[in-house]
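Peer 1: Give me the fold of what follows.
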Amino acid sequence: MRRVFDVLAVLILLSAPAACPAAESDELGDPVKLAAVVAYGRAHNAEIHAAEAKWRAAQARPSQAGALPDPMVEVGYHNEGFDRLDLGETDFAWLRFGASQELPFPGKLALKRDIAGHAAEQTAEELRQVELDVISRLKMAYAEYAHLDVQLDILRRNKSLLDKFARTAEAKYAVGEGIQQDVLKAQVEESLLIERETTLDQQRQSRTAELNALLSRPATAPLGSAEHPVERALTRTLEELLAVAAAHSPEVKAAERRIAGDESAVALARREYLPDFVVRADYMHKADLLPEWEVGVGIKVPLYFATKQRAGVQEAAAALAEARSLRENADRNVQSRVRDLYARAQASERLITLYHSTVIPQARLALESADAAYQVNKVDFLTLLNAFAATLEYDMRYHEELANFQKAAAELESAVGEPLEE
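Peer 2: Below is the predicted model:
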């Protein structure tokens, strides 16, 4: 019985590791859909979580900045001599209780709260930018991953077709209708396909690691096959996208929030010329003697305004000028990026249409014609191989442009600040 239990234990240990990859793969499904990848990334990406934590920290600052300084509570004892305690025996010995509160000049606390509030709004835009960037990178990595899946499928199908051509060349050579060089050319072409397949498989592994990193999963976590990309088209004009970017780009919005905060900082720096106040109250206990009390008001005089407050205004004004320049630069960068990505997406869209409707059908007809002509010895094997290679290349380029369009569209979404399609 003991040996039976030992065998069962070993079987359980051996089967446990195999269950982990399956569980990880089931998280995203098989095939892996883009919507599932995006949803998982939103929920688990560490970069997004860090930005969310930074935003929550910023949200807690305005109430702190607008609060009064902490009051001071004091307890003191005054005595005459060191030989004994004279409380209640002399007018010059007492126990004192006091409290004081600093009161900033009216308007200063509101400005500090405004500065912190604008900083929190800027952090919210930065969080939105991080989310858009992460989702954009996820979509781009997924597009490349799906593209590599498709290209590997294309290579495997074409390798089968090439095997058919090679068998035909061997049969012709066997009966004296072909030459050995044709057989060798077919073998060389097949080796090139194997080389290309190996390179694409390595790239697919790299994209798997990239996707897992963006999803905050182990680099070796398995991913199922991706959905094959489909043809899409831009539904908005360049002018519409530029207008959306100007209104919604988080990069531009964050720069605007910084300007608002720095404007409040300039107003606060100018208000620092005005004095703050301190109110205080004291109670003096003299045991059996008559108790005493005292209230007072103090003023913090900005005596060193020439080297302190004036320099503070200059610093705040320079920071505001910097923020305005950064806002202009952000707007120009976003507009330039949108134009570039729109041009790239349009170019891919035109090439997709060209390959799909014209080039690939013509190349396939040319391949079928060359195949039929080779069967009856009207063309040589090199002509057939050239037609085969051209058809394969155009098919690969077509799917590459599908991926290029999807990547450009994903970057456009990050640049303009909202999805291109709902």
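Peer 1: who's sitting farthest from the centroid in the chain?
Peer 2: Relative to the C-alpha centroid of the chain, counting by C-alpha atoms, centre = their mean, E89 is the outermost residue, at 75.0 Å.
Peer 1: and the closest residue in space to that residue that isn't next to it in sequence, helix, strand or coil?
Peer 2: Counting by C-beta to C-beta, 6 or more residues apart in numbering, the nearest residue to E89 once its immediate chain neighbours are dropped is A287, at 7.9 Å. For glycine as for every other residue, the C-beta is placed from the backbone atoms N, C-alpha and C. Secondary structure of A287, reduced to three states by DSSP: H, G, I helix; E, B strand; the rest coil: coil.
Peer 1: List the residues that contact A287.
Peer 2: By C-beta atoms under 8 Å, 6 or more residues apart in numbering, the residues touching A287 are 87-89.
Peer 1: what are the phi and psi values for the residue farthest from the centre of the chain?
Peer 2: Backbone torsions for E89, taken as degrees, to the nearest 10, come to phi -110, psi -20.
Peer 1: What confidence value was assigned to it?
Peer 2: Confidence at E89, expressed as pLDDT, is 75.
Peer 1: Could you check how far it is from D282?
Peer 2: 21 Å (C-beta to C-beta, to the nearest Å).
Peer 1: counting contacts, what elements does the helix or strand where L367 lies pack onto?
Peer 2: Secondary structure from DSSP states H and E places L367 in helix 360-375. Helices and strands in packing contact with helix 360-375 are listed as helix 108-174, helix 381-416; criterion 3 or more C-beta pairs under 8 Å, 6 or more residues apart in numbering; DSSP states H and E.
Peer 1: burial measure for the closest residue to M140 other than its chain neighbours, as a count.
Peer 2: Of all residues not flanking M140 in the chain, K407 sits nearest, at 4.4 Å (C-beta to C-beta, 6+ apart). Counted with other C-beta atoms under 10 Å, residues neighbouring K407 total 23.
Peer 1: remind me which residues of the protein are low pLDDT?
Peer 2: Within the chain, the ranges that satisfy pLDDT under 70 run 1-26, 421-422.
Peer 1: ok, the residue nearest the centre of it to Q59 distance?
Peer 2: The structure's the chain has its C-alpha centroid closest to V134; by C-alpha atoms, centre = their mean the separation is 2.7 Å. If you measure V134 against Q59 using C-beta to C-beta, the figure is 21 Å.
Peer 1: Next: H118.
Peer 2: For H118, the distance to Q59 equals 12 Å [C-beta to C-beta].
Peer 1: These two - which one has more neighbours?
Peer 2: When H118 and Q59 are compared for neighbours, H118 comes out ahead with 21 against 15, by other C-beta under 10 Å.
Peer 1: give the contact list for that one.
Peer 2: When contacts are counted by C-beta under 8 Å, 6+ apart, H118 touches 257-258, 260-261, 264.
Peer 1: export these to JSON lines and tack on neighbour count, secondary structure and distance to D163?
Peer 2: Formatted as JSON lines, the contacts of H118 follow (neighbours: other C-beta atoms under 10 Å; DSSP: H, G, I helix; E, B strand; the rest coil; distance: C-beta to C-beta, whole Å):
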{"residue": "R257", "neighbour count": "23", "secondary structure": "helix", "distance to D163": "63"}
{"residue": "R258", "neighbour count": "23", "secondary structure": "helix", "distance to D163": "63"}
{"residue": "A260", "neighbour count": "17", "secondary structure": "helix", "distance to D163": "68"}
{"residue": "G261", "neighbour count": "21", "secondary structure": "helix", "distance to D163": "68"}
{"residue": "S264", "neighbour count": "22", "secondary structure": "helix", "distance to D163": "73"}
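Peer 1: could those go into TSV alongside distance to N329?
Peer 2: TSV is the format used below for the contacts of H118 (distance: C-beta to C-beta, whole Å):
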residue	distance to N329
R257	15
R258	12
A260	17
G261	18
S264	22
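Peer 1: Out of those residues, which is nearest to G298?
Peer 2: Each of those was scored against G298 by C-beta to C-beta, and S264 proved nearest at 27.2 Å.
Peer 1: what about the closest one, distance to G117?
Peer 2: Taking C-beta to C-beta, one finds S264 at 9 Å from G117.
Peer 1: Equivalent analysis for F388, please.
Peer 2: With distances defined as C-beta to C-beta, the gap from F388 to G117 amounts to 66 Å.
Peer 1: Present the contacts of A287 as JSON lines; the columns should include distance to I179.
Peer 2: Rendered in JSON lines, the data for these read as follows (distance: C-beta to C-beta, whole Å):
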{"residue": "L87", "distance to I179": "124"}
{"residue": "G88", "distance to I179": "128"}
{"residue": "E89", "distance to I179": "131"}
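Peer 1: give me the element P218 is part of.
Peer 2: Using DSSP H and E, P218 is not contained in any helix or strand.
Peer 1: Next, count neighbours for it.
Peer 2: Residues contacting P218 under the criterion other C-beta under 10 Å number 13.
Peer 1: Kindly report the same for Y304.
Peer 2: Counted with other C-beta under 10 Å, residues neighbouring Y304 total 10.
Peer 1: Then it would be within a strand, right?
Peer 2: No - counting by three-state DSSP, Y304 falls outside a strand, being coil.
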